[in-house]
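**Q** Build me a structure from this.
(one chain, ligands or ions: 1)
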Amino acid sequence: MDAVAEIKRRIEIADYVGRSVTLRKSGRNFRGLCPFHTEKTPSFYVFTDRGTWRCFGSCGEGGDLFSFVQKRENVEFPEALRLLAREAGVELSARGAERRGRAELLGGIVSAAVDFYQQALAGEGGAAAREYLAATRGLSAETVAQFRLGWAPDEWRALHDHLIGRGYRAEDAVAAGVLAAGEGGGAPYDRFRGRVVIPIADERGRCVGLGGRILGSGEPKYLNSPQTELFDKGRTLYGLDATGPAARESGEIVVVEGYLDVIGPWQAGFRNLAATMGTSLTEGHAAVLRRFARRIVLAMDPDSAGLAAAERAGGLFLDLSSPGAMGASQRSAEAVAARAELDLRVAPLPAGMDPDDLARTAPDAWREAIARAAPFAQFLVDRLLPAERPESPAEAFRILERRLAPVLREVRNPIERAALVQRIARRLGVAERVIGERLRAGQRAMARPVAKAEPARATAEERLLATLLRHPDLRADLRAYPLPGLFPDALQRAIAERWLHDELDAAGEDAGESDPVGDRVRQLRDRREPLLSATDARRRALDLMEYLLRERLIQHHSAGAEGLAEAERELGAPRVLEAAYQAWLGESPSAEMLELAHAAIEQLQLGLSIHRRERAAS
Ligand SMILES: [Zn+2]
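**A** Numbering: from 1, shown residues only. Next comes the predicted model:
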């Protein structure tokens with residue numbers, strides 16, 4: 001991103017465009033004949049303060065410096081970036097290249113370790129591990145191969161020596177998380193020893209880390225490679241590389257806690273599971289999950305640790321964790337409501353069963369548990385309700401207000417909320433109506449505005465892109481609109497274009513040294529955006545497009561008005577108006593006045609058009 005900004009800082013857009021287009025000053029801006037269509041009246045503007053250009057004539061093209069080069073030289077964004085970087089003398093994202101190269105190196109090391117451990121499992125020393133996987137875990141050879149399971153020999157330098165022998169540096173292997181740094185500057189050694197090794201891939205299938213389970217007794221039972229430049233535990237979901245397609249197809253992902261809880265059910269035919277890396281569900285996870293499915297079922301071991309994790313996970317979506325969030329402003333309430341549209345559910349499993357046991361020994365019970373998963377709020381309410389009916393109404397209200405109200409108030413779906421109130425009324429022995437009154441009274445008391453850090457407000461362009469990225473189904477609908485032209489920013493336009501052509505998964509893969517498009521797409525995808533139904537998403541996209549069009553009209557209007565005002569100062573307003581009137585009648589004012597006359601007419605028409613759009617919008 002820095003290179004793009006730096007290039008724009010160094011190259012003055014009017015100078016650059018001016019080399020191939022004759023520009024004349026018009027107010028604060030420049031105006032000339034559009035290089036992208038044939039015209040006699042200049043309707044091509046360069047806005048120096050914004051660093052953008054636009055043709056208000058028949059081609060309607062516009063953009064920034066980069067889009068100008070793309071259009072002029074007929075190249076894609078990465079090529080325009082290279083051209084302009086050379087021109088501006090900007091070193092092209094050496095950091096990006098370095099980062100990329102580094103990620104490749106570390107990924108290569110993890111892959112080499114995976115190969116090594118797979119070989120070890122197949123070898124003589126792997127007999128006990130093979131036996132464990134087959135007999136204790138009941139995993140077939142196909143499953144073991146599918147998940148590339150391996151065996152780390154119980155030695156201190158086996159992997160170390162292997163990697164050094166293949167030309168890797170020990171310090172890089174430490175950075176990749178497969179070796180541990182020796183204490184007090186001692187020599188690095190194998191992090192995984194005497195363990196079954198489970199390769200951890202990101203959702204694209206790139207190896208980023210390793211998990212290890214000890215064979216016999218010993219602590220810790222499970223060991224993960226540490227957080228590294230490559231392995232972000234707050235984003236990685238184990239198994240998604242294998243289970244993503246099935247999750248997409250079923251619209252549902254079951255989130256479990258351990259890798260073996262993904263692998264076992266996989267073998268039993270349940271292929272839409274993913275596991276967190278021993279952490280609770282984070283926003284990063286949610287951003288990844290949403291790309292695959294909307295119904296998220298947390299299948300948790302019923303032990304207390306698992307349930308605590310589920311509650312923490314829910315804090316993400318319903319924001320029950322922080323006290324400040326409880327009395328949130330109307331705005332964040334809306335966001336919460338929209339966020340709740342992500343169908344987050346909890347399936348508490350029968351006592352003593354983890355997903356692996358249940359899916360394999362009682363597949364019907366597993367299916368049943370997932371199908372009957374409770375909405376998250378209901379799950380919380382059930383947890384918060386006392387086992388026994390309270391002894392007095394006062395006690396019931398205390399429970400309602402201190403424990404249940406904070407959850408209930410966050411439930412935005414009125415039907416779901418009514419159902420919960422009914423449930424609570426029965427359990428507490430209080431009338432539904434009274435619960436409703438208590439909640440409303442509490443809500444008023446909490447409605448006072450709460451000081452809250454506002455996230456940087458997204459521009460309309462960003463919001464539109466985020467909506468598009470989240471709703472690829474809109475593509476068919478929006479194909480007819482000149483969508484990319486709405487984005488003056490070349491990066492944004494490149495994203496819109498690739499979105500239209502369904503090329504985003506390849507975004508930037510071939511960009512070589514840097515991938516600003518891919519980076520921006522990831523940022524946009526990770527934005528917190530309201531989750532919308534297909535209909536609402538379409539509405540939102542069209543509203544934002546309409547808004548951007550109106551903005552452009554206003555921009556055109558004021559750009560033209562500036563030039564016109566200057567002419568009026570020079571020639572006198574009556575002369576300009578007279579010429580406009582002549583032109584409008586179909587007569588020909590003098591050649592020198594013709595352009596001004598058309599500009600004046602255009603201004604009037606634009607003004608009317610903006611006025612109409614504004615009326616329609618309000
Ligand atoms: Zn044009």
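**Q** Contacts only, for Asp261.
**A** When contacts are counted by C-beta atoms under 8 Å, 6 or more residues apart in numbering, Asp261 touches 273, 275, 299, 354-356. (C-beta placed from N, C-alpha, C; glycine too.)
**Q** quick one: which of the residues you listed sit in helices?
**A** Of the positions in those, 355-356 sit in helices, assigned by DSSP state H.
**Q** Redo the contacts of Asp261 as TSV? Include neighbour count, pLDDT and distance to the ion.
**A** Converted to TSV, these look like this (neighbours: other C-beta atoms under 10 Å; pLDDT from 0 to 100; distance: C-beta to the ion, whole Å):
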residue	neighbour count	pLDDT	distance to the ion
Leu273	31	95	53
Ala275	24	91	54
Ala299	26	85	57
Asp354	20	82	64
Pro355	28	87	60
Asp356	23	88	63
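**Q** Write out the residues of this protein neighbouring the ion.
**A** Residues of the chain lying close to the ion by C-beta under 5 Å from the ion are 34, 36-37, 55, 57, 59.
**Q** Rebuild those as a markdown table, extending it with pLDDT.
**A** Below are those laid out as a markdown table (pLDDT from 0 to 100):
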| residue | pLDDT |
| --- | --- |
| Cys34 | 93 |
| Phe36 | 91 |
| His37 | 88 |
| Cys55 | 87 |
| Gly57 | 80 |
| Cys59 | 81 |
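**Q** Restricted to buried residues, select the residues you listed in ChimeraX.
**A** Buried subset of the residues of the chain next to the ion, written as a ChimeraX selection, criterion 16 or more other C-beta atoms under 10 Å:
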select :34,36,55,57,59
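**Q** got the residues of the chain next to the ion as a markdown table, with secondary structure columns?
**A** Below are the residues of the chain next to the ion laid out as a markdown table (DSSP: H, G, I helix; E, B strand; the rest coil):
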| residue | secondary structure |
| --- | --- |
| Cys34 | coil |
| Phe36 | coil |
| His37 | coil |
| Cys55 | strand |
| Gly57 | coil |
| Cys59 | coil |
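**Q** and the two most separated of the residues of the chain next to the ion?
**A** The largest distance within those, taken as C-beta to C-beta, falls between Phe36 and Gly57 and amounts to 9.0 Å.
**Q** quick one: low-confidence ranges for the stretch 351-500 of the chain?
**A** Along the stretch 351-500 of the chain, segments meeting pLDDT under 70 span 413, 442-457.
**Q** list the contacts for the closest residue to the ion within it?
**A** The nearest approach of the stretch 351-500 of the chain to the ion comes at Gly485, 10.9 Å away (C-beta to the ion). Shown in contact with Gly485 (C-beta under 8 Å, 6+ apart): 60-62, 493.
**Q** Low-confidence stretches in the stretch 151-300 of the chain?
**A** In the stretch 151-300 of the chain (pLDDT under 70), the answer is 278-284, 287.
**Q** Relative to the ion, which residue of it is the closest?
**A** For the stretch 151-300 of the chain, C-beta to the ion, closest residue to the ion: Arg291, 37.5 Å.
**Q** Could you pull up the contacting residues of that residue?
**A** 203, 525.
**Q** Just read off the phi/psi values of it.
**A** Here is the backbone geometry of Arg291 (degrees, to the nearest 10): phi -70, psi -20.
**Q** Please apply the same query to Tyr238.
**A** Dihedral angles (degrees, to the nearest 10) for Tyr238: phi -70, psi 140.
**Q** Next up, the contacts around Gly239.
**A** Taking C-beta under 8 Å, 6+ apart as the criterion, Gly239 is in contact with 259, 262-263, 266, 273-275.
**Q** By neighbours, which of those residues wins?
**A** Highest neighbour count within those: Leu273, with 31 neighbours (other C-beta atoms under 10 Å).
**Q** That residue reaches Trp266, doesn't it?
**A** Yes - taking contacts as C-beta atoms under 8 Å, Leu273 lies within contact range of Trp266: 7.0 Å.
**Q** which residues do these two both contact?
**A** Each of 239, 243 lies in contact with both Leu273 and Trp266 under the rule C-beta under 8 Å, 6+ apart.
**Q** Distance-wise, check Leu344 relative to the ion.
**A** 49 Å (C-beta to the ion, to the nearest Å).
**Q** Strands along the stretch 251-400 of the chain, start to end?
**A** With strands called from DSSP state E, counting those that start in this stretch, the stretch 251-400 of the chain shows them at 252-256, 273-275, 295-300, 343-348, 374-375.
**Q** What strands line up against the fourth one, and which way round?
**A** The pairing partners recorded for strand 343-348 under DSSP bridges are strand 295-300 (parallel), strand 374-375 (antiparallel).
**Q** Let me know which of these is tucked in deepest.
**A** strand 295-300 (a mean of 24; mean count of other C-beta atoms under 10 Å).
**Q** Tell me what angle it forms with strand 252-256.
**A** 20 degrees (axes from the mean of the first three to the mean of the last three C-alpha atoms, to 10 degrees).
**Q** what's near enough to touch Thr48?
**A** Residues counted as contacts of Thr48 (C-beta under 8 Å, 6+ apart) are 12-14, 28-30.
**Q** Do I have it right that Pro467 meets Arg540?
**A** Not quite, residue 467 is Thr, not Pro. Yes - using C-beta under 8 Å, Thr467 makes contact with Arg540 at a distance of 5.4 Å.
**Q** Much appreciated, bye for now.
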